[in-house]
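Engineer: coords please:
(4 chains)
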There are 2 protein chains.
Amino acid sequence: MSEIELVIERLEMRGHRMTGSRRRVLDAVMAQPAHFTVDDVLHSTRKVGRATVFRTMKLLLDLNIVCRVMLDDGALHYRVSTRSHHHHLVCIDCGRVEDFSQCDVQSLTRDLAQATGYEIERHWLEVYGRCHACRLLKTEMAAVG
Amino acid sequence: MSEIELVIERLEMRGHRMTGSRRRVLDAVMAQPAHFTVDDVLHSTRKVGRATVFRTMKLLLDLNIVCRVMLDDGALHYRVSTRSHHHHLVCIDCGRVEDFSQCDVQSLTRDLAQATGYEIERHWLEVYGRCHACRLLKTEMAAVG
DNA sequence: ACATAACCTGAGACCCAGTCTCAGCGAGGA
DNA sequence: TCCTCGCTGAGACTGGGTCTCAGGTTATGT
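Structural biologist: Okay, here's the model as predicted:
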């Protein structure tokens, strides 16, 4: 089953339709680079209204087709999401994003629940650093400059 | 040394001045409940312009006098921050916020660095759940309803 | 005391992401 | 066929935040 068929199925399971506009938004989303804004999608989908693009993005978010990444500067970008529960590792120099799901936050949340009496439902973790390429570049620059 | 004097010192260390407007914003911030928006501050500081309130909040953020909490619905609120590096545990029912700093994310980030070749600089973790009081309330409701 | 530069200010325009409203359209069921 | 309900685009609106600009304040050197 293709990616698109999967989306259609998930849509219909919730009583939504795969319409022309939604299809155009979806195609545009799939064609984006690693992460993007709604505005990027807007610019690459002619003939779809702003509100519809936003509505569709929200739908895709609900269906776990895309997720949101908080960049280093606080900007929220979208990203086609490969797995359900995962986190992001964002390069503060070039902005590339890696997903990871090995998430030992479980033990932390267990302790936390114990200590505070909270019943913990979910968490949101973003990690910022410098990717291998940017580290190399940086040491080179330091050597030259 | 009082809280205020500490802030003044930190300001001056960076070449800023403690002016009347900044003082009024700071007082308003200190008088807020657990978490609040810039708008809340605006409404409780008469005679300070909107831009100045925003500018001062940014300054306080830089100086680690306040921090930001992402609420369950995605809204960003501010909060007077007690310690430097810490995370938030947010109740999804009543909105109360606890700080915690026992942060075993260290070991996770170490593994992550190893696996990805990233040099990790920082992370952002927010945890959502239901506080003790709201859990009790919920079970009571279930029993009655 | 004075000049001057640097800093700070409020008002209001502006920006960006996202939502709301509303009238019109189109697909599917009875 | 008609009717309902979901979907649509246009455009107004909102909330959080930034920019600009002219004028006010403060620190500092003389």
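Engineer: Report the inter-axis angle for the longest strand seen in chain A versus strand B:119-130.
Structural biologist: In chain A, taking DSSP state E as the definition, the longest strand is strand A:119-130. Strand A:119-130 and strand B:119-130 are oriented at 160 degrees to each other (axes from the mean of the first three to the mean of the last three Cα atoms, to 10 degrees).
Engineer: Mind listing what's buried along strand A:119-130?
Structural biologist: Within strand A:119-130, the residues scored as buried using 16 or more other Cβ atoms under 10 Å in any protein chain shown are A:120, A:123, A:124, A:125, A:126, A:127, A:128, A:129, A:130. Glycine gets a C-beta too; all of them are placed from N, C-alpha and C.
Engineer: Please apply the same query to stretch A:54-71.
Structural biologist: By neighbour count on 16+ other Cβ under 10 Å, the buried set for stretch A:54-71 is A:56, A:57, A:59, A:60, A:63, A:65, A:66, A:67, A:68, A:69, A:70, A:71.
Engineer: Kindly export it (C-alpha atoms) in CSV.
Structural biologist: What follows is stretch A:54-71, C-alpha atoms only, in CSV (Å, rounded to 0.1, in the frame of the first residue of the first chain):
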residue,chain,number,x,y,z
PHE,A,54,-4.2,25.2,7.3
ARG,A,55,-7.2,22.9,7.8
THR,A,56,-5.5,20.1,5.9
MET,A,57,-2.3,20.4,7.8
LYS,A,58,-4.3,20.2,11.0
LEU,A,59,-5.9,17.0,9.7
LEU,A,60,-2.5,15.5,8.7
LEU,A,61,-1.3,16.4,12.2
ASP,A,62,-4.2,14.6,13.7
LEU,A,63,-3.6,11.6,11.5
ASN,A,64,0.0,11.5,12.4
ILE,A,65,1.1,12.0,8.8
VAL,A,66,3.1,15.0,9.9
CYS,A,67,4.5,16.3,13.2
ARG,A,68,5.8,19.6,14.4
VAL,A,69,9.4,20.4,15.2
MET,A,70,10.4,23.3,17.4
LEU,A,71,13.5,24.8,15.9
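Engineer: got the contact list for that stretch?
Structural biologist: Residues outside stretch A:54-71 that contact it (Cβ atoms under 8 Å, 6 or more residues apart in numbering or on different chains) are A:7, A:10-11, A:14, A:16, A:21-22, A:25-26, A:29, A:35, A:38, A:41, A:76-81, A:84, A:86, A:88, A:90, A:95, A:97, A:126, B:124.
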